[in-house]
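**Q** Here's a sequence, model it:
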Amino acid sequence: MTAADVLLLALGAVAVGSGVLVVATKHLVRAGLYLVVCLGAVAGIYLVLTAELVAWVQVLIYVGAVVVLLLFAVMLTRAPIGASDDLDRPGWPAALIGGGTGLGLAALLVDAYRWSSVELPTAGTADRIGDQIFRSWVLPFEVLSVLLLAALVGAIILSRPDIGRPPGARAADSGRVPSGRTGAASATGDGRSR
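**A** Residues are numbered from 1 along each chain as shown. Got it, this is the predicted structure:
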């Protein structure tokens with residue numbers, strides 16, 4: 001067993017362990033942080049396998065963008081951050097479905113390849129991958145960036161229900177007295193102070 005094998009096993013254990021913690025924790029923010037650890041370990045696996053470009057894309061896109069967007073969405077929508085009693089459901093149905101799906105996919109994979117060896121294509125270079133990304137795949141990347149921006153703006157709009165309402169409606173919704181009124185309103189209802 002080489003040092004690369006030991007490192008792969010250690011990073012795989014970290015990825016699987018933090019992935020289990022993502023779905024097992026009751027704290028939403030902690031789940032997001034465990035997801036960062038899991039995706040970072042996967043990026044480390046890519047580095048050990050000498051796929052540096054894929055590793056840095058993993059860090060930049062998934063850890064740097066998707067998880068940060070998830071955490072911002074949680075914080076901006078005022079979702080409950082602490083432990084939630086709504087998440088206390090029995091875990092055996094999910095474990096049964098997940099285990100059955102995993103066994104089914106493993107049986108399908110074994111049946112498809114029947115333990116035969118598959119010839120791998122020649123390894124790609126960063127030049128070829130960059131050429132494909134910025135020529136053939138530039139439109140999907142731009143669409144994805146606009147989608148992520150729209151999700152962030154939507155989270156801000158949902159967290160601020162007073163955006164887009166007239167000033168009087170904002171004060172009435174929040175239960176505060178508008179800045180022009182300091183005392184009780186007069187009996188005539190004209191809004192002036194006594």
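**Q** Give the buried residues for the host helix or strand of Leu139.
**A** Assigned by DSSP states H and E, Leu139 falls within helix 138-159. Residues Ala155 are the ones in helix 138-159 that count as buried (16 or more other C-beta atoms under 10 Å). (C-beta placed from N, C-alpha, C; glycine too.)
**Q** How far off centre is it?
**A** 13 Å (C-alpha atoms, centre = their mean, to the nearest Å).
**Q** now for that helix, which elements pack on it?
**A** helix 68-76 (3 or more C-beta pairs under 8 Å, 6 or more residues apart in numbering; DSSP states H and E).
**Q** one step back: could you check the angle helix 68-76 makes with the helix holding Leu139?
**A** For helix 138-159 against helix 68-76, the angle by axes from the mean of the first three to the mean of the last three C-alpha atoms, to 10 degrees is 10 degrees.
**Q** For stretch 50-61, buried residues please.
**A** Buried, per 16+ other C-beta under 10 Å, within stretch 50-61: 51, 54-55, 57-59.
**Q** Kindly reformat those as CSV and extend each row with pLDDT.
**A** What follows is these, written out as CSV (pLDDT from 0 to 100):
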residue, pLDDT
Ala51, 85
Val54, 86
Ala55, 89
Val57, 86
Gln58, 87
Val59, 88
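**Q** Save the residues you listed as a markdown table, and put in secondary structure and distance to Leu152 too.
**A** Below are the buried residues of stretch 50-61 laid out as a markdown table (DSSP: H, G, I helix; E, B strand; the rest coil; distance: C-beta to C-beta, whole Å):
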| residue | secondary structure | distance to Leu152 |
| --- | --- | --- |
| Ala51 | coil | 30 |
| Val54 | helix | 26 |
| Ala55 | helix | 26 |
| Val57 | helix | 21 |
| Gln58 | helix | 21 |
| Val59 | helix | 20 |
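**Q** Among these, which pair sits farthest apart?
**A** Ala51 and Val59 (12.3 Å; C-beta to C-beta).
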